[in-house]
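**Q** return a 3D structure for these sequence lines:
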Amino acid sequence: MILLTGAAGFIGSNILSALNARGRDDVIAVDDLSDGAKCANLAGRSFADYLDADDLLSGRERLPRLTAVIHQGACVDTTARDGRAVMRANYDSSKRMLALAREYGCPLVYASSAAVYGDGSAGFREEPACERAVTPYAFSKWAFDQLVRRELAAGRAGDVPIVGLRYFNVYGPGEGHKGRMASVAWHAFQAARRGEPPRLFGGSDGFVRGFIAVADVAAVNLIFLAAAAA
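**A** Now for the predicted structure:
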């Protein structure tokens with residue numbers, strides 16, 4: 001059984017679709033549906049069970065044997081300033097997913113973020129010298145990346161394969177519920193549909209951005225999952 005957190009979110013729901021397309025519905029879909037608009041992202045998709053995120057994190061629910069953990073659930077508000085709340089939602093929950101992967105001896109594929117590089121002035125290499133997290137969101141993702149690095153370096157991960165993916169500017173279907181946190185591409189498309197000129201973020205007129213389709217992100221998750229399970 002695959003545990004998929006953030007299953008009703010933008011990327012998580014597309015990963016679920018990709019699993020379904022491969023004939024997989026042995027998935028426990030985990031999310032927080034306080035925002036009922038996210039229910040639409042699960043409609044028409046197949047999964048074995050649904051579990052509220054709070055019940056999973058509290059340990060109140062007994063889980064079947066897990067073969068993989070795909071951790072996409074997070075507070076994705078990059079402008080949030082309550083660092084304590086963001087750390088609980090992102091860092092603490094990620095540690096719980098790592099503990100589950102260890103408990104079941106299964107692969108963990110989790111979502112990190114390009115935000116750990118800050119403004120990118122130090123480069124985008126996967127090296128500590130390039131990482132300059134400047135927001136609570138970025139710090140929460142960076143902190144868990146550091147935990148994983150320490151665990152791997154110390155040999156404490158055991159036989160559990162761990163993959164962290166740093167997403168850059170993902171766009172595509174299923175992100176409408178994110179509102180102002182939706183991608184630049186989504187906002188530009190909505191403006192075009194209204195017959196309005198697209199608006200960029202302040203100071204972004206000189207930026208050179210790379211964008212990746214969410215279908216490609218989902219495919220990459222499954223590629224690493226298959227490699228980790230091999």
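**Q** C-alpha only now, for contacts and for neighbours.
**A** OK.
**Q** what separates the closest residue to Gly6 other than its chain neighbours from Asn169, distance-wise?
**A** Using C-alpha to C-alpha, 6 or more residues apart in numbering and skipping residues adjacent in sequence, the residue nearest Gly6 is Gly73, 3.7 Å away. According to C-alpha to C-alpha, to the nearest Å, Gly73 stands 17 Å off from Asn169.
**Q** who has more neighbours out of those two?
**A** The neighbour comparison of Gly73 against Asn169 (other C-alpha atoms under 10 Å) goes to Gly73, with 25 against 16.
**Q** the more buried one: which element?
**A** For Gly73, there is no helix or strand it lies in under DSSP states H and E.
**Q** roughly how far does Gly210 sit from Ser113?
**A** Using C-alpha to C-alpha, which is the criterion applied here, Gly210 is 14 Å from Ser113.
**Q** show me which of the two is the more surrounded one.
**A** Ser113 (21 against 8).
**Q** do a quick rundown of the strands in the protein.
**A** 2-5, 27-31, 49-52, 68-71, 108-113, 162-167, 170-171, 212-213 (DSSP state E).
**Q** tell me the strands beside the fourth one, with direction?
**A** For strand 68-71, sheet partners with direction are given as strand 2-5 (parallel), strand 108-113 (parallel), following DSSP bridges.
**Q** among these, which comes closest to Ala129?
**A** strand 108-113 (16.1 Å; C-alpha to C-alpha).
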